[in-house]
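Visitor: Mind folding the following:
(chains A and B)
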Amino acid sequence: MAALKPEPTKSELTNPSRRSFVRKSLLTTFSTILGADIVYASFMPKGYIPVALSLQSNPMDGKNPEMIIRNEKPWNLEARPHLLDDAITPAKNMFIRNNGLIPENIDVDTWTLKISGESVVQEKTFTLAELKKNFKAYTYQLVLECGGNGRAGFYPPASGNQWEEGAVACAEWTGVRLKDVLNAVGIKLDAVYIGYYGADKHLNGKADEVVISRGAPISKAMQDETLLAWALNGEDIPLAHGYPLRLVAGGWPASVSGKWVHTIVVRNKVHDGAKMMGDSYRVPKNPVAPGTKVPDEDMKIIESMPVKSLITFPKSGAMFEKSRKLGVRGKAWAGELEVSAMEVSVDFGATWVQCQLKKPKNRLAWQEWNVELSFPEEGYYEIWAKATDSKGNSQPMVIPGWNPKGYLNNSCHRIGVKVK
Amino acid sequence: MNPNPSKYTQLKNRILAFIALILVLSFGIFLITWIQNDAGSTLDADKEEGTLSASDSLKLAIEQDGKDRDPETQLVLGKGFEIVKANCTNCHSSALLIQNRFTREGWKAKIEWMQETQGLWPLGESEDDILDYLAEHYAPEAYVGRRAPLKDIEWYELN
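Guide: I've put the predicted structure just below:
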């Protein structure tokens, strides 16, 4: 079985004919290796590579080895909460969420962005150089959180990557405002929504099948902070995060922030691209009992993410002396809103301690908080963290309302500590 | 009211045997806990040395329940495993199976969804074997309330 995972050499990765030879010779022995025939093998599209033989570049290169791999095809990585302790999340600690395969062989010199759709006055295409030259660049700290962050907490289990706490990051993004570009192109009065198309490839190998094409209402597209970005923390965006150009729409499910973007469509109706419909990134219009089957027409698109917070220090499991005053700190964010209060509890919510809470660097950035705790007795404690947004919504201590795909779990984060 | 001596001895022996059983069981549980903690700290050591490869990290996420697993995919070995590996790990990683929990009906719905929207081929007679395997090894776990106890805490001295 060891033969299943050949380490491709660099020339294999870059030389197409060598790669196609490797693929063909491996495929011929595919069923022999796996010890089972695929019954309807003739239905498999040409060009299939069994996952173990996949030659995708490894996005764990350059990532913190403590990142949790949720899936390697498609690649999905999650941070552990203590990896999110920096004010600005470094790229190595940022979660990766992919619906398809990361595109390869991107040529930054020939990359273009097309603005089209029913509601543009006239279709227009920009090179990257033109975007950078024609429009003013802005830099914002923006929270991107996967809509399914916390899915693992729901019961009955919801399908998909079983994210726990760490599918969230707040990095510094640099690019041009989408609204400046749209205004330069000219959009009609009937525009209601934008949608993106990116260069990622479908898992099923069909070249023309769109992996994901989501978007946002025009009002979100026209916000100052909605960017077409080319830089992350002052450097080129890493390939797995959308190089060379991506949409960044902070505070909304991160799937709105399309990666490897080559086309933006301006629509005269709600965008109907892949993963806009059905139960994708949607929740029931009205609350449902756990496990309920909800018809598509009773689901609504998720917009702003809910208020949430993380304890980023100490890492869960800390043991320390009773005499110690424990500094606890973390991050809090609230989608489109600001966090107005932050509290922690060491007695399962019986009493709460107010934390110091910083203002966000800019709208849609997360906020740092800290507090000093003393513990009256030795023993096992849990520290629970609860943020409240500017409209008075707090995080629930229990898992919030069940929904079919397990989105929007903003229940309080907690860590275990021992006082000696 | 004097108890029959032979009955009394019988009762005493039973109680002693019960106590012995409890002692043996507690020792067993202690031993298992100790071994598991030990395994945990070995993994920690690996992490600190930065030798944690992608596949090691994936293995870490899989519960240590003593079941035999395929080293390539980490799927539980059992009846139907080969056909699942052959059909289900072409487009996506086995990690997508391993981290999800559904009933037989739930898994069937996922297969239908993949056939309708993702280009999965018809599975023919294999479908029953695939569903049997998934429903047996990747079924929903017992309900744990609206917040389960924290688990797998890796204790460390805070400096």
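
Visitor: what ranges do the helices span in chain B?
Guide: B:5-48, B:54-60, B:81-88, B:95-98, B:104-117, B:126-137 (DSSP state H).

Visitor: right, is the third one up against chain A?
Guide: Just to be clear, that refers to helix B:81-88. Yes - applying C-beta under 8 Å from any C-beta of the partner chain, one finds helix B:81-88 touching chain A at B:E82, B:I83, B:K85, B:A86, B:N87. In this view, the C-beta of every residue, glycine as well, is placed from N, C-alpha and C.

Visitor: Which pLDDT value does the model give A:E164?
Guide: Listed pLDDT for A:E164 reads 97.

Visitor: residues in contact with it?
Guide: Applying C-beta atoms under 8 Å, 6 or more residues apart in numbering or on different chains to A:E164 gives the contacts A:I68, A:E78, A:G150, A:A152, A:G153.

Visitor: Give me the number of neighbouring residues for the residue nearest to A:K300 when sequence neighbours are not counted.
Guide: With sequence-adjacent residues excluded and distances taken as C-beta to C-beta, 6 or more residues apart in numbering or on different chains, A:K300 is closest to A:K285, at 4.9 Å. Per other C-beta atoms under 10 Å in any protein chain shown, the neighbour tally for A:K285 reads 11.

Visitor: where's A:K285 relative to A:E297, distance?
Guide: 9 Å (C-beta to C-beta, to the nearest Å).

Visitor: Tell me if I'm right that the residue nearest to A:K300 and A:D296 touch.
Guide: No - with contact defined as C-beta atoms under 8 Å, A:K285 and A:D296 do not form a contacting pair (11.0 Å).

Visitor: burial count for A:A387?
Guide: Neighbours around A:A387, by other C-beta under 10 Å: 30.

Visitor: Which strand residues bridge it?
Guide: A:M342 (DSSP bridges).

Visitor: ok, it - contacts?
Guide: With C-beta under 8 Å, 6+ apart, A:A387 has these contacts: A:V307, A:K308, A:S309, A:A332, A:W333, A:A334, A:V339, A:A341, A:M342, A:E343, A:S394, A:Q395.

Visitor: and if you look at A:E338?
Guide: Contacts of A:E338 by C-beta under 8 Å, 6+ apart are A:K359, A:P360, A:R363, A:Q367, A:D389, A:S390.

Visitor: And A:K124, by the same measure?
Guide: So A:K124 contacts A:K114, A:I115, A:A184, A:V185 (C-beta under 8 Å, 6+ apart).

Visitor: can you tell me which two in those residues are farthest apart?
Guide: By the measure C-beta to C-beta, A:K114 and A:A184 form the most distant pair in the contacts of A:K124, at 13.6 Å.

Visitor: mind giving me the domain ranges of chain B?
Guide: The record's domain parsing of chain B by automatic domain parsing lists B:1-52, B:81-137.

Visitor: Of those domains, which shows the lowest average pLDDT?
Guide: domain B:1-52 - the lowest mean pLDDT of those, at a mean of 50.

Visitor: Just checking: what are the partner strands of the one helix or strand A:I311 maps to?
Guide: A:I311 is located in strand A:308-313, with elements delineated by DSSP states H and E. The pairing partners recorded for strand A:308-313 under DSSP bridges are strand A:326-333 (antiparallel).

Visitor: May I see the buried residues of the partner strand?
Guide: A:L326, A:V328, A:R329, A:G330, A:K331, A:A332, A:W333 (16 or more other C-beta atoms under 10 Å in any protein chain shown).

Visitor: interface residues of the stretch 201-350 of chain A facing chain B?
Guide: So far as C-beta under 8 Å from any C-beta goes, the stretch 201-350 of chain A lies against chain B at A:202-206, A:209, A:314-320, A:324, A:326.

Visitor: Among those residues, the buried ones, what's the ChimeraX command?
Guide: In ChimeraX syntax, the buried subset of those is picked out as below (16+ other C-beta under 10 Å):
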select /A:202,203,204,205,209,314,315,316,317,318,320,326
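
Visitor: For the residues of the stretch 201-350 of chain A next to chain B, work out which two are farthest apart.
Guide: Among these, A:K206 and A:R324 lie farthest apart (C-beta to C-beta), at 58.5 Å.

Visitor: gap between the residue nearest to A:K300 and chain B?
Guide: 22 Å (C-beta to the nearest C-beta, to the nearest Å).
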